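> let's see this in three dimensions:
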Amino acid sequence: MARYTGPKSKIARKFGEAIFGDDKAFEKKNYPPGQHGNNRRRGKKSEYAIQLMEKQKAKYTYGILERQFRNLFDRANRSKGVTGEVLLQLCESRLDNVVYRMGIAPSRRAARQLVGHRHITVNGELVNIPSYSLKAGDVVGVREKSKSLQAIGDSLAAHSNVYEWISWNSEKKEGTFVSIPERLQIPENIKEQLIVELYSK
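Residues are numbered from 1 along each chain as shown. Okay, the predicted model is just below:
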């Protein structure tokens, strides 16, 4: 199961955004990493560099490595609709992302772990594939044996975000992936058009 396991704050500083959630180290040093810190002269970025940076930001945000991300792009490219928008919708439809959005886990990394460790069900069936693609109407829940896990309880208690495309039943500890989100409903600060331009070269 390939995933990025390196330092998170360094990546957040590289993009100038706390893409992994609240980060005290990033707040202290919100400039790019490097030996000379903030004093280093940084030249103007080329068009390619800007596009590459945007692709890397999307990959790190959703915890997807290059081959999987390329496959998602190819799927988006073949589908009807705006390629960049469909690409983000495919990322948002991943099981690990929806588990995170529902508040079952405090981060996408933690959500991926919960799915991999067989704590999550889809339509009543155990699913342990983080990249599993959900369809509108799918019900995502916490496995009966896992409902008492403190990590899940703490995460749900701290969760306050509400998303229009997800409904949540706190008594049953399950939610419904109501619909595939529109681009305006996706809160991530990603310029998907730059990614499309990069892959289209």
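> show me where the chain has strands.
For the chain, the strands defined by DSSP state E cover 120-122, 125-126, 138-142, 166-169, 174-177.
> pull up the pairing partners for the shortest one, direction included.
Right, strand 125-126. Paired with strand 125-126 in the same sheet, following DSSP bridges, are strand 120-122 (antiparallel).
> what pLDDT, on average, does the partner strand get?
Strand 120-122 carries an average pLDDT of 97.
> same check, this time on stretch 59-67
Mean pLDDT, stretch 59-67: 93.
> buried ones in the top helix by length along the chain?
Secondary structure of the chain per DSSP state H: the longest helix is helix 47-62. Of all the residues in helix 47-62, those buried under the rule 16 or more other C-beta atoms under 10 Å are 51, 53-62. (Each C-beta comes from the backbone N, C-alpha and C, glycine too.)
> repeat for stretch 142-149
Applying 16+ other C-beta under 10 Å to stretch 142-149 flags 142-143, 146, 149 as buried.
> quick one: the helices in this structure?
8-15, 24-28, 47-62, 66-78, 83-92, 95-101, 108-116, 150-158, 192-199.
> which of those sits most buried?
Between the helices of the chain, helix 95-101 has the highest mean count of neighbours, a mean of 25, where neighbours are mean count of other C-beta atoms under 10 Å.
> got the CA coordinates for it in CSV?
Extracted in CSV, the C-alpha atoms of helix 95-101 (Å, rounded to 0.1, in the frame of the first residue of the first chain):
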residue,chain,number,x,y,z
LEU,A,95,-13.4,6.0,0.4
ASP,A,96,-10.6,7.4,2.6
ASN,A,97,-11.5,11.0,1.6
VAL,A,98,-15.2,10.5,2.5
VAL,A,99,-14.3,8.8,5.8
TYR,A,100,-12.2,12.0,6.6
ARG,A,101,-15.0,14.3,5.4
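> which other residues reach it?
With contact meaning C-beta atoms under 8 Å, 6 or more residues apart in numbering, helix 95-101 is reached by 62-63, 91-92, 105-108, 110-112, 114-115, 120, 122, 127, 129-134, 140, 161, 163, 166, 175, 177.
> check what pLDDT Lys44 gets.
Confidence score, pLDDT, at Lys44: 81.
> count the neighbours of it for me.
Residues near Lys44, counting by other C-beta atoms under 10 Å, number 6.
> list the residues that contact Ala105.
Residues near Ala105 by C-beta under 8 Å, 6+ apart: 99, 111, 113-114, 151-152, 155.
> if you set the cut-off to 6 Å instead, what comes out?
By C-beta atoms under 6 Å, 6 or more residues apart in numbering, the contact list for Ala105 reads 99, 111, 114, 155.
> would you point out which residue is most central in this protein?
Tyr62 (2.9 Å; C-alpha atoms, centre = their mean).
> give the contact list for it.
Tyr62 is in contact with Cys91, counting by C-beta under 6 Å, 6+ apart.
> ok, now how distant is it from Lys147?
Distance of Tyr62 to Lys147, given as C-beta to C-beta, to the nearest Å: 27 Å.
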